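Novice: Got a predicted structure here, sequence first:
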Amino acid sequence: MDMKLDATLCYQAVLSHDTRFDGMFFVGVSSTGIYCRPVCTAKTPLFKNCTFYSCSAAAECAGYRPCLRCRPELAPGNSLIDSPSRLASDVSRRVEEGALNEMSVARLAEEFGVSDRHLRRVVKSELGVAPIEIAQAQRLLFAKRLLTDTNLPITDIAFMSGFSSLRRFNALFQERYRLSPTCLRKSGKGDIEAGKLVCDLAYRPPFN
Ligand SMILES: [Zn+2]
């Protein structure tokens, strides 16, 4: 227990999920061995099981494991040393899974319990690209493979790959690959016929 923290006040913040306290302290729960952010939506622990820490590292040192729901080790301003790279790789993985086809970057940031700005900054500094660029690269890659491996209409491919419009798909495709989806399909077919193309598409839901 950190002497600067008032246990009663902290517990009040936990009860009310008070966002103003997020990142200011963490609560270790002795009955579960897990520590959380005050805003965690998991079941509220009993006061007698709570110990309060001013940083996530202190909770870790006391033997608590980070909660998988609120990810206290990723809380802004109080992260462990390796958190930026971990956050960046976790975000990148979610984006590669198609997260940004369904939600905004702001919503994704919320999922990780960080601000929109923090998420963009960490991803940019760790990976050198913006979250949306990861999504676009993934969409293009997926589309490119569908173009060469399937006979699906190009419009379907655009939407299946996560593009919101055919025009947007064509424009980005042209910009990155310097040829149109139609051209690639033609040249790709040649490869398939010649048996040169290895199909290693990792289909993800809902593309089973
Ligand atoms: Zn939690």
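Specialist: Done, it's in.

Novice: hey, let's count contacts and neighbours off CA atoms from now on
Specialist: OK.

Novice: on contacts alone, who are the packing partners of the longest helix along the chain?
Specialist: Using DSSP state H, we find that the single longest helix of the chain is helix 131-149. Contact here means 3 or more Cα pairs under 8 Å, 6 or more residues apart in numbering; DSSP states H and E; on that basis helix 131-149 packs against helix 83-96, helix 99-102, helix 116-127, helix 154-160, helix 181-193.

Novice: Can you add mean neighbour count and mean pLDDT and give those back as TSV?
Specialist: Output for the helices and strands packed on helix 131-149, formatted as TSV (neighbours: other Cα atoms under 10 Å; pLDDT from 0 to 100):
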stretch	mean neighbour count	mean pLDDT
helix 83-96	18	84
helix 99-102	17	89
helix 116-127	17	90
helix 154-160	18	94
helix 181-193	15	68
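
Novice: Tell me which of the ones you listed approaches the ion most closely.
Specialist: With Cα to the ion as the criterion, the ion lies closest to helix 83-96 of these, at 16.4 Å.

Novice: Rebuild the helices and strands packed on helix 131-149 as JSON lines, extending it with distance to residue 55.
Specialist: Below are the helices and strands packed on helix 131-149 laid out as JSON lines (distance: least, Cα to Cα, whole Å):
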{"stretch": "helix 83-96", "distance to residue 55": "13"}
{"stretch": "helix 99-102", "distance to residue 55": "29"}
{"stretch": "helix 116-127", "distance to residue 55": "18"}
{"stretch": "helix 154-160", "distance to residue 55": "43"}
{"stretch": "helix 181-193", "distance to residue 55": "51"}
